[in-house]
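> sharing a sequence plus its predicted fold:
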Amino acid sequence: MTTTKKMCLIGDILVDVTLRTATTDIKLRMGGIVHAARCLWALDMPFDVAYFAPPYLDEAIHKYLNSHGCSNILKLGNVTGTPYVFLISEAKETGDQGYDFLLRDELKIEHYPSAYQKISNADYSDYLLISGNYHLNDILNSIPPKGKIHIDLANNIDDISFFKTLPRKLDSIYSSTSSNLFKKLFDNNLTTFFDHFKEYTETIILKENRGGSRGFNFAEKEAANSPSQTRPIIHSVGVGDAYFAACVFKYNTGNLREAMFFSSWIAAEYASTTYPDDFKKNVSRIIRSNLDDLIKLGGTTLPWEERKKINIYIAAPDFDFIDTTPIDKLVENLLYHNFTPRRPIKENGQMEKNATKARRQELFSKDMVMLSECSVLIGVLLYDDPGTLLEIGWAAAKGIPSIVYDPFNRATNCMLTELPDVISSDLDVIISEVFIKSSNIFQNGK
């Protein structure tokens, strides 16, 4: 390994396979720490890679990384028992991405002590580790004392007690709202969540997917937050890794807030394409831009704990005698992002075929009360249901943000296409608009 001052990426290299859908083809890419490598390559940041992978991938790994600016590549261990393949059923993270790690229970790693010794003899300014299936403590024990250590929690660390076993304090920890440790420790209080880590790191940053990021430097007692650049995307696979790599890159030359803002723009570009050359071209424009100007443009800010307060009225024919799969999927995705979807027919009851006037009035009144309690309306067009259409119109007239999910592209009437704020058959567009509208509500409420 070289002894020049640059970043060393450490972790697994896998194969990400995004499965074919009705609208997208199958996509195969190298994943794991290669996502962070693409980011550093696009930023023209010198980096080396130390990795774990099955032997059949080695030749392709060297060829790919060499062509993306990495000349020093060290294999730390051999993976057997599994092809090291992730199947991804939902690439855009409108909801749970449905990862399936093939043969995960058969995984074994043969660690190379001589390679660890090369890490010990190296002299990098920063070490970015994406937690994986390898022995993290052994790696940390091999890193020279003056090297800064940054860890992405990912989903391989499930208990805060793990950090008590670490040989040294970390320079930064990166988490996201989809990580297992966040889900386990977060109790709707960010300070309490961050305090869990204050003995183990100088800085912690929480990436809240489309809702922005929040961070804290314990040494400086510096709190920072930045919005996300929320917009319809191509994919969300590895976007967090790109964000964290960019943040380490920028934090070395700026403050925490600047690093987080910069990283949000880099992450947005990574999510906008799966073609590295296009990503690098887009990143070059960000690098040439004045960061203060980017900061002034703002973005979407919606903390995780605030989303529960956003009640979303689902205007839809949510009846027990039809296929409600698109409604169910929408609601599942809203819950994944911590919103509060309200299904009037499920909550208030379904009107009987021969309902009396009193019964009709009861259900109508309950639905109207629920609608008044909601901040956003999403109409779901499964067919020309009069109730759904009336609720969309009523909400729009009342100034309630109105979004229409049209999974079967049924909308042709100009009143229906032009009245809502957004109408789309793409669930990613719908979820992105929910974040944007809800962020505006949160900001105005503050």
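Yep, it's here. Numbers count the residues shown, from 1 in each chain.

> any stretches of the protein with poor pLDDT?
Along the chain, the parts satisfying pLDDT under 70 run over 1-5, 22-23, 90-98, 155, 446.

> show residues contacting the longest helix seen in it.
Taking DSSP state H as the criterion, the chain has its longest helix at helix 427-445. Helix 427-445 has contacts (CB atoms under 8 Å, 6 or more residues apart in numbering) with 92, 94-95, 210-211, 227-228, 230-233, 300-303, 306-307, 310, 312, 329-330, 333-334, 337, 339, 375-376, 378, 401, 403, 405, 407, 421-422, 424. (C-beta placed from N, C-alpha, C; glycine too.)

> just the buried ones from those, in PyMOL syntax?
In PyMOL syntax, the buried subset of the contacts of helix 427-445 is picked out as below (16 or more other CB atoms under 10 Å):
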select buried, resi 92+94+95+210+211+227+228+230+231+233+300+301+302+303+306+307+310+312+329+330+333+334+337+339+375+376+378+401+403+405+407+422+424
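
> helix, strand or coil: sort out N78 for me.
Put simply, N78 is strand when judged by DSSP: H, G, I helix; E, B strand; the rest coil.

> residue contacts, the nearest residue to it once chain neighbours are set aside?
Closest residue to N78 apart from its sequence neighbours, by CB to CB, 6 or more residues apart in numbering: E110 at 4.4 Å. Going by CB under 8 Å, 6+ apart, E110 touches G77, N78, T80.

> and E110, helix, strand or coil?
What three-state DSSP gives for E110 is strand.

> how near is it to R210?
E110 is 40 Å from R210, where distance means CB to CB, to the nearest Å.

> T273 belongs to a strand?
No - going by three-state DSSP, the assignment for T273 is coil, not a strand.

> thought it was touching F279?
Yes - look at T273 against F279 with CB atoms under 8 Å: they come within range, at 5.5 Å.

> looking at the two, which is more packed in?
F279 (21 against 16; other CB atoms under 10 Å).

> hmm, that one is touching E269, no?
Yes - under the criterion of CB under 8 Å, F279 makes contact with E269 at 6.0 Å.

> which parts of the stretch 1-150 of the chain are strands?
When secondary structure is read from DSSP state E, counting those that start in this stretch, the stretch 1-150 of the chain shows strands at 7-12, 15-18, 27-30, 47-53, 73-80, 85-88, 99-101, 108-111, 126-130, 148-152.

> tabulate the ones you listed (a markdown table), appending distance to D385.
Below are the strands of the stretch 1-150 of the chain laid out as a markdown table (distance: least, CB to CB, whole Å):
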| stretch | distance to D385 |
| --- | --- |
| strand 7-12 | 48 |
| strand 15-18 | 34 |
| strand 27-30 | 36 |
| strand 47-53 | 52 |
| strand 73-80 | 52 |
| strand 85-88 | 34 |
| strand 99-101 | 35 |
| strand 108-111 | 55 |
| strand 126-130 | 47 |
| strand 148-152 | 45 |
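
> can you say which of those is nearest to A219?
When the strands of the stretch 1-150 of the chain are compared by CB to CB, strand 148-152 sits nearest A219, at 13.0 Å.

> run through the neighbouring helices and strands of the helix or strand following that closest one.
Next in sequence after strand 148-152, counting helices and strands by DSSP states H and E, comes strand 170-176. The contact analysis (3 or more CB pairs under 8 Å, 6 or more residues apart in numbering; DSSP states H and E) places strand 170-176 against strand 148-152, helix 180-185, strand 201-207, helix 239-251.

> chain center to strand 170-176, what's the gap?
Between the centre of strand 170-176 and the centre of its chain there are 15 Å (CA atoms, centre = their mean, to the nearest Å).

> also stretch 8-18?
On the basis of CA atoms, centre = their mean, stretch 8-18 sits 17 Å off its chain's mean C-alpha point.

> what do you get for stretch 385-402?
A distance of 31 Å separates the centroid of the chain from that of stretch 385-402, by CA atoms, centre = their mean.

> buried ones in that stretch?
Using 16+ other CB under 10 Å as the test for burial, stretch 385-402 gives D385, G387, T388, L389, E391, I392, G393, A395, A396, I400, P401, S402.
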